[in-house]
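A.B. asks: Task: produce atomic coordinates for the following.
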Amino acid sequence: MPVARDFRLSPFDYRTVGNSGKLIGRQTYWKLYCIENIFRVIIHTVLSVQIPPDWWIIAVDKEIQKKAKHFQDNYLKKSWHGKPGKHGIYYIDLVDLNEIIRANANLFIPVIPDLDKWMLGIEELRLPRNVVAHMNFPSETDAKRIDVFYDDCVTLINLVQAKIRPLQIP
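C.D. replies: Numbering: from 1, shown residues only. This next block holds a predicted model:
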C-alpha cells in the first residue's frame, strides 16, 4: 500500500488525493469532531443544570440563535439530507460555542475553574480546525496543537463528569 502524504507535494494522482484524505481522517479529523462535540455536551450539560428548562433561549445571543435557525431551516428545505441534530447547538460553529461559554462564564467557572485557559484553547484551535474542515493538510505544528488539545479535552470531560452527572447530550 502506498504511503499516505500530502497530495500537493507530488505529481497529481487521484489515488494520492484519496490517501491524503484517509490520512487526515485517521490522524486529525476525528479528534476535531470529538473536541467540538465534547464542548457541545459540556455547554449543554452545564447550562441545562443551571438554566432549565430551555437554556438556549436565555443564555445564547440572539444573533447566534438566528444563525442556528437559518441553518436548521436550510436543512428542512432539503429534507433528503441528513440533519446535524435536533438542538440548535449542532448548527453553530466553534467560535459560537466559545461565545456561549464567554457570555455565561459565571455559570461555567464553578465547573471549570480555569475557564480562560479553555476559551483560549478553543480560539487557538479555530484556524487549524478550519484548515482541516476545508479539506487541507494541517502543518506539523497545527497537527500537534490538535493532538494536545484533544488530550486536554479528554481530561476536561472527566473533570466535568466528576462534578455533574449524568452528562446531557443535546
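
A.B. asks: packing partners for the helix ranked longest in the chain?
C.D. replies: Scanning the chain for the longest helix, with DSSP state H as the assignment, gives helix 140-163. In this structure, helix 140-163 packs against helix 30-50, helix 115-133, with contacts taken as 3 or more CB pairs under 8 Å, 6 or more residues apart in numbering; DSSP states H and E. Every C-beta, even on glycine, is put in place using the N, C-alpha and C of the backbone.

A.B. asks: okay, that helix in CSV with CA atoms only?
C.D. replies: Provided in CSV are the C-alpha atoms of helix 140-163 (Å, rounded to 0.1, in the frame of the first residue of the first chain):
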residue,chain,number,x,y,z
GLU,A,140,3.0,19.7,11.7
THR,A,141,2.7,22.3,14.5
ASP,A,142,-1.1,22.6,13.9
ALA,A,143,-1.5,18.8,14.0
LYS,A,144,0.4,18.7,17.3
ARG,A,145,-1.8,21.5,18.6
ILE,A,146,-4.9,19.5,17.7
ASP,A,147,-3.4,16.4,19.4
VAL,A,148,-2.6,18.2,22.6
PHE,A,149,-5.9,20.0,22.8
TYR,A,150,-7.7,16.7,22.2
ASP,A,151,-5.8,15.1,25.1
ASP,A,152,-6.7,18.1,27.3
CYS,A,153,-10.4,17.8,26.3
VAL,A,154,-10.5,14.2,27.5
THR,A,155,-9.2,15.4,30.8
LEU,A,156,-11.8,18.2,30.8
ILE,A,157,-14.8,16.0,30.1
ASN,A,158,-13.7,13.7,33.0
LEU,A,159,-13.5,16.8,35.3
VAL,A,160,-17.0,18.0,34.2
GLN,A,161,-18.4,14.5,34.6
ALA,A,162,-17.0,14.3,38.1
LYS,A,163,-18.9,17.4,39.0
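
A.B. asks: on that earlier part again, okay, the helices and strands packed on helix 140-163, which one's buried deepest?
C.D. replies: helix 30-50 (a mean of 19; mean count of other CB atoms under 10 Å).

A.B. asks: Just want the angle from the helix or strand of the chain with the lowest mean pLDDT to helix 115-133.
C.D. replies: Taking mean pLDDT, DSSP states H and E as the measure, helix 14-24 is the helix or strand of the chain with the lowest mean score, a mean of 88. With axes from the mean of the first three to the mean of the last three CA atoms, to 10 degrees applied, the angle from helix 14-24 to helix 115-133 works out at 170 degrees.
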